[in-house]
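[1] have a look; sequence and predicted model below, questions after that.
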Amino acid sequence: MQAAAVMARMPVPGKVKTRLVPPLTHPEAAWLYAGFLRDTIDRLARINGIRPFVAYTPPAADIFFSGIVPPEFSILPQAGEDLGERLANVMEALFSRGATAVVLCDSDSPTLPGRYIGEAFRRLDESDVVVGPCDDGGYYLIGMRRYTSRLFAGIPWSSPHVTQRTVEAAERLDLSVSLLEPWYDVDTAADLDRLCREVAASPEDDVFVRHTRRALVEIGLLPQAQAGGRDA
C-alpha cells in the first residue's frame, strides 16, 4: 500500500494562517485556508494507486473532517508537541497500517500540481526519502519508504532551514534523498499576492483550485467574474 496524507488543521479563525493577518482578517484567513484544504483533498483524491488520508488537528475535530472528506479517505488525528513529532507520529501510524511508502503533504499549497505527488512515490522506488522544497526553505511534501523517527528530530521548524537540515539529518542517518521541484506555500502577504496572480491567470472553470478561487472572490481579492468552477 502506498499511503498519502494531508496534514490538516481545522479552519478556526485565529488558529490558521495568522501571518496573513493583515492584510486579511482572522475570519477571512480561516475561510481562505478552508479553500486550500478542500482543494488539497480534491487533488489527492485524483491520484490513482494510493490510499488517501487526512491527518488532522486538533483531535476533537474528527466530526468536522469526517464531514468534508470523500468516502475513500480515512482520517486520523495528529499527535505531538511540535510539527516534527506530529509528522513522525503520522508516518509511524501509516507504516503500522501496512504502508510500503508514505508521502505527507501540507495543506498550504493549493496550486501544487498533483503530478508532484505521483512523482514523489516514483522517486521512493529508488530513494529512502523524498522532499518537496518550498521557496521559503520549508517543504510542501516529505515521503519515506521506511519509518525513521530520527529524521524529524532537531529540525528548526518555522525557519528557512527546514529542508536543508532535513537533508543533512537524512545524510547522517545514511538515507538517500531525492529533491522534487520547488513550489510555494501561502504564509505571507507576498505569497497571497502570488496566489492571486496564479489563480487569476488560470481558466475560470479550473476545478483544481475551485475552492480557493471561490474564497478569494468572496473575500474580495478576485473579481466576482472569477468565481468560475463547478461545485463538487
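    Done, it's in. As the structure is a prediction and not an experimental result, all values here were calculated from the model. Numbers count the residues shown, from 1 in each chain.

[2] who touches L94 in this structure?
    Under the criterion of CB atoms under 8 Å, 6 or more residues apart in numbering, the neighbours of L94 are A3, A5, F53, V102. In short, each C-beta sits where N, CA and C put it, glycine included.

[3] wait, doesn't the last one sit right on F95?
    Yes: taking CB atoms under 8 Å as the contact criterion, V102 and F95 are neighbours in contact, 6.2 Å apart.

[4] neighbour-wise, which of the two wins?
    The neighbour count for V102 versus F95, taken as other CB atoms under 10 Å, is higher for V102 (28 against 19).

[5] part of a helix, is that one?
    No: residue state for V102 (DSSP: H, G, I helix; E, B strand; the rest coil) corresponds to strand; a helix is not indicated.

[6] from S158, how far off is it?
    For V102, the distance to S158 (CB to CB, to the nearest Å) stands at 23 Å.

[7] please apply the same query to G67.
    In terms of CB to CB, G67 sits 30 Å off from S158.

[8] between the two, tell me which one has more neighbours.
    The neighbour comparison of G67 against S158 (other CB under 10 Å) goes to S158, with 12 against 7.

[9] now the most centrally placed residue in the chain, nearest residue through space, not along the chain?
    Among the residues of the chain, the one closest to the centroid is D106, at 1.6 Å (CA atoms, centre = their mean). Excluding the flanking residues, the one nearest D106 by CB to CB, 6 or more residues apart in numbering is Y140, at 4.9 Å.

[10] that neighbour should be in a strand, yeah?
    Yes: under three-state DSSP, Y140 falls within a strand.

[11] thinking again about what came up before, what's the overlap in contacts for V102 and F95?
    Counting by CB under 8 Å, 6+ apart, the residues touching both V102 and F95 are Y147.

[12] residues contacting the residue nearest to D106?
    Neighbour list for Y140: C105, D106, D108, S109, L112, G132, P133, C134, W183, Y184, D185 [criterion: CB under 8 Å, 6+ apart].

[13] chain center to the biggest helix by length in the chain: distance?
    In terms of residue count, the longest helix belonging to the chain (DSSP state H) is helix 26-45. Relative to its chain's centre, helix 26-45 lies at 10 Å (CA atoms, centre = their mean, to the nearest Å).

[14] what's next to the helix or strand that that helix is followed by, contact-wise?
    Next in sequence after helix 26-45, counting helices and strands by DSSP states H and E, comes strand 51-57. With CB under 8 Å, 6+ apart as the test, strand 51-57 has contacts from 1-10, 41, 44-45, 62, 64-65, 69, 72-78, 86, 90, 94, 99, 104.

[15] strands paired with strand 51-57, and their directions?
    Strand 51-57 pairs in its sheet with strand 2-9 (parallel), strand 74-77 (parallel), by DSSP bridges.

[16] that one to helix 26-45, inter-axis angle?
    In terms of direction (axes from the mean of the first three to the mean of the last three CA atoms, to 10 degrees), strand 51-57 departs from helix 26-45 by 160 degrees.

[17] beyond strand 51-57, next helix or strand please.
    Next helix or strand after strand 51-57 toward the C-terminus (DSSP H and E): helix 62-68.

[18] I'm done for today, thanks for sticking with me.
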